[in-house]
Each structure stands twice: as structure tokens, then as C-alpha cells.
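**Q** Structure for the following, please:
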Amino acid sequence: MTVASRDRLRRVGMTALRIVAVAALYYAFGRLGLLQQLVRGQVTPLWPPTGIALAGLLLFGLQVWPGIALGAFLINIPLGPSTPAVLAITAGNTLAPLCSYALLRRSGFRTQMNRFQDALALVFLGALTGMLISATVGSSTLSLAHALPPGGFWLTWWVWWTGDAMGVLLVAPLLLVLRSAHWPKNIPRSGWAEGSLLVAATIAVGLLQTSPAPLLFLGFPLLTWAAFRFQRTGATPCALAVSTFAILAATRRTGPFAGHTLLTDMISLQAFNGAAALTALLLAAAITERNQTQAKIEEACRRLAEMVVRAAPDTGGLSALPNRQEDGEENGGQTRPS
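**A** Residues are numbered from 1 along each chain as shown. Got it, this is the predicted structure:
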């Protein structure tokens with residue numbers, strides 16, 4: 001076997017492995033997302049597979065799209081309502097992240113998300129725009145198959161769209177951060193202590209969010225803290241945790257979600273989740289961009305100082321001007337009065 005054949009076989013093997021990995025993650029997290037289903041056993045306020053699908057496309061390219069289709073097909077088979085409907089929903093769930101990927105690529109999106117414009121593109125192009133396809137195709141399919149109650153189209157569409165959008169906003173950034181994450185070095189003990197305190201505070205606030213008291217707003221100081229101190233590394237998991245606790249409160253109809261209709265609760269929930277994701281992503285991107293600008297300014301000042309030092313004449317430590325004693329000796333040993 002030639003070297004070219006071995007390289008081609010290795011590339012094919014890696015592509016197949018990535019496709020299987022994306023399909024497996026899509027299916028596993030799809031089953032997890034269905035634990036909080038609200039409409040017909042298959043529409044949930046947070047659908048993690050959309051974030052997995054988009055992150056897979058951004059990291060590995062279009063070659064992994066069969067894994068998205070396979071995962072979507074497997075997760076929808078037992079949900080029905082019929083084989084043609086499953087195929088249509090699978091097509092919508094596959095086309096939505098592909099559309100988001102195309103929009104992000106055209107906008108110049110960077111997976112490092114270290115610019116403010118990257119966060120804006122992910123929110124408005126990747127999540128809110130691209131996921132219109134899956135929600136529209138899926139809700140229309142269920143309506144045409146008479147699987148929805150009369151007048152249930154718009155409620156299903158709303159929950160589907162916001163669930164897919166929240167999957168992109170909350171899961172995709174976390175996966176992109178994990179891809180470039182590394183074990184921190186030279187971190188002082190105060191940094192570890194602050195990180196541990198942030199984790200403990202997030203859990204405590206999450207428990208308060210699921211209590212009967214309407215305390216959802218307590219999540220925003222945590223998001224601000226995480227974004228300022230830890231940027232993307234802290235903001236993305238904190239946003240996911242805060243939104244997950246809010247979803248638990250909504251499905252249990254506790255706190256601010258008690259005593260309202262399902263549509264009202266979903267509007268309130270998704271408004272909170274969207275605001276949390278926006279706060280975390282945009283603030284973390286702004287802080288990261290500020291830090292990078294400051295580092296560039298400091299580097300430019302350092303180089304400028306080095307250039308000034310190299311350009312300065314070497315006088316050997318002597319003054320270029322004669323002192324008053326030397327001037328007097330040149331005039332017969334007498335100094336001129338000032």
C-alpha cells in the first residue's frame with residue numbers, strides 16, 4: 001500500500017469516526033433533552049442536539065452532516081407519527097444547523113469567539129435565524145399529520161424554535177470552549193478559590209430558582225461575575241447551568257411560572273434564557289476583546305521603548321556639554337561671572 005493510499009484511508013477513517021461521534025452525541029443528548037418535553041413528547045424548551053450539530057460543523061466541516069441526519073433520524077423514529085413525517089422532521093433538523101453554519105461562515109465567524117461580532121453572529125444568525133427552518137418544518141409536519149391538537153401549531157412552533165435556538169446559544173459555545181480548553185497553569189490559589197466560589201454560588205442560586213419564590217433574576221449577577229473574571233471559560237457553563245435550573249422551574253410550574261398558561265410560561269422562560277445567553281456571550285466577548293486590545297497596546301509600547309533605546313547615541317556616560325570648570329580653564333583659569 002502506497003503512502004497516498006494510507007493517507008487517504010486514514011482520512012476516510014477519521015471522517016467516519018467523526019460522523020459516528022456526532023450521531024452518538026446527537027442521540028444521547030437528544031434523549032436527555034426529551035426528559036423535559038412539553039409538547040407531544042418530542043418538543044422541549046432546550047434541545048441540546050442543535051448545539052452539538054452546529055459545533056460539529058464548525059469544528060469538522062460539512063463532512064459530518066450525515067452524522068446529524070443519522071442522529072436526528074434515530075431520535076425521531078420512536079416518536080413518529082409516521083415514517084414520512086419522521087423523514088421530514090429529520091430533514092428539517094439537518095438543514096437548520098447547515099443553514100446556521102453557512103450563515104456563520106459567510107459572516108467570518110471564528111470558533112474562538114474572541115470578538116464581539118462573533119457573539120452577535122452566533123446569536124442572531126446561528127441561533128435565531130437558522131433554527132427557523134427546523135421549527136417550521138417540524139411543526140408543519142406534525143400539523144399535517146394531525147398529530148397536534150386544534151390550534152396547537154403556534155405553541156408547538158414557538159417551543160420548537162426557542163428550544164433549538166437555546167441549544168445553539170447554550171451548548172454550542174460550551175463545546176467550542178472545551179475544544180480549545182487546556183489545564184490552567186500558574187494560577188494562584190486566590191484564582192482557584194474564586195472559581196470554586198462561583199461554582200458554589202451557581203448551585204445555590206439554581207436551588208433558589210427552582211423554589212416557589214420568583215428569584216430568576218439572581219442568575220444575572222453570576223453571569224456578569226463569570227464573564228468579567230473568567231470570560232468564555234466561565235460564562236458559557238454558568239449560562240447553561242442558570243438556564244437549566246430555570247427550565248426545571250418552568251416544567252415544575254414553580255416560582256414565576258406558577259399559575260400561568262403553557263404559552264405564557266414558555267415566553268417567559270425563553271425570554272429569560274435568551275437574555276442569560278446574550279448576557280454571557282456578549283459580555284464575555286467584549287471583555288476578551290478589551291483584554292486583547294490592551295495586550296496589543298502594551299506590546300506596541302514595549303517595542304517602541306526598545307526602538308528608542310537602540311536609537312539613542314552612546315555617550316559613554318559623559319555629558320555632551322562642558323561643565324563650568326572646564327569652561328573656566330579654557331579662559332585662563334578664570335570663570336566668567338554669571
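**Q** got a list of what residue 164 touches?
**A** Applying C-beta atoms under 8 Å, 6 or more residues apart in numbering, we find residue 164 in contact with 47, 50, 96, 127, 131, 134-135. Every residue, glycine included, has its C-beta placed from N, CA and C.
**Q** Tell me the most packed of those residues, by neighbour count.
**A** residue 50 (34 neighbours; other C-beta atoms under 10 Å).
**Q** Now find how far off-centre the helix or strand harbouring it is within its chain.
**A** Using DSSP states H and E, residue 50 sits within helix 48-60. How far helix 48-60 lies from its chain's middle: 11 Å, per C-alpha atoms, centre = their mean, to the nearest Å.
**Q** try stretch 275-289
**A** Worked out by C-alpha atoms, centre = their mean, stretch 275-289 lies 9 Å from the chain centre.
**Q** Mind checking what helix or strand follows the helix or strand where residue 235 lies in sequence?
**A** According to DSSP H and E, residue 235 maps onto helix 219-252. Later in the chain than helix 219-252, the nearest helix or strand by DSSP H and E is helix 262-311.
**Q** got a pLDDT number for the closest residue to residue 194 other than its chain neighbours?
**A** Closest residue to residue 194 apart from its sequence neighbours, by C-beta to C-beta, 6 or more residues apart in numbering: residue 229 at 6.5 Å. Per-residue confidence (pLDDT) for residue 229: 87.
**Q** ok, residue 229 touching residue 193?
**A** No - the pair residue 229 / residue 193 is not scored as a contact, 11.8 Å apart, by C-beta atoms under 8 Å.
**Q** More neighbours: which of the two?
**A** Remark: of residue 229 and residue 193, residue 229 carries more neighbours, 15 against 10, as counted by other C-beta under 10 Å.
**Q** quick one on the thing from earlier: and whichever helix or strand comes after the helix holding residue 50, what's its mean pLDDT?
**A** Where DSSP H and E defines the elements, the next helix or strand beyond helix 48-60 is helix 65-76. For helix 65-76, mean pLDDT rounds to 93.
**Q** Can you check what angle separates the following helix or strand past helix 65-76 from helix 48-60?
**A** Next helix or strand after helix 65-76 toward the C-terminus (DSSP H and E): helix 83-106. Here helix 83-106 points in a direction 50 degrees away from that of helix 48-60 (axes from the mean of the first three to the mean of the last three C-alpha atoms, to 10 degrees).
**Q** Report the distance from the helix or strand just after helix 83-106 to the chain centre.
**A** Following helix 83-106 in sequence order, the next helix or strand is helix 116-121 (DSSP H and E). Counting by C-alpha atoms, centre = their mean, helix 116-121 is centred 10 Å from the centre of its parent chain.
**Q** What lies in contact with helix 116-121?
**A** 103-104, 107-110, 112-113, 281-282, 284-286, 289.
**Q** same thing but at 6 Å, please
**A** Helix 116-121 has contacts (C-beta atoms under 6 Å, 6 or more residues apart in numbering) with 104, 107, 109-110, 281-282, 285-286, 289.
**Q** pLDDT averaged over it - what is it?
**A** Helix 116-121 comes out at a mean pLDDT of 87.
**Q** mind listing what's buried in it?
**A** By 16 or more other C-beta atoms under 10 Å, the buried positions in helix 116-121 come out as 116, 118-121.
**Q** Next: stretch 46-62.
**A** Buried, per 16+ other C-beta under 10 Å, within stretch 46-62: 46-58, 60.
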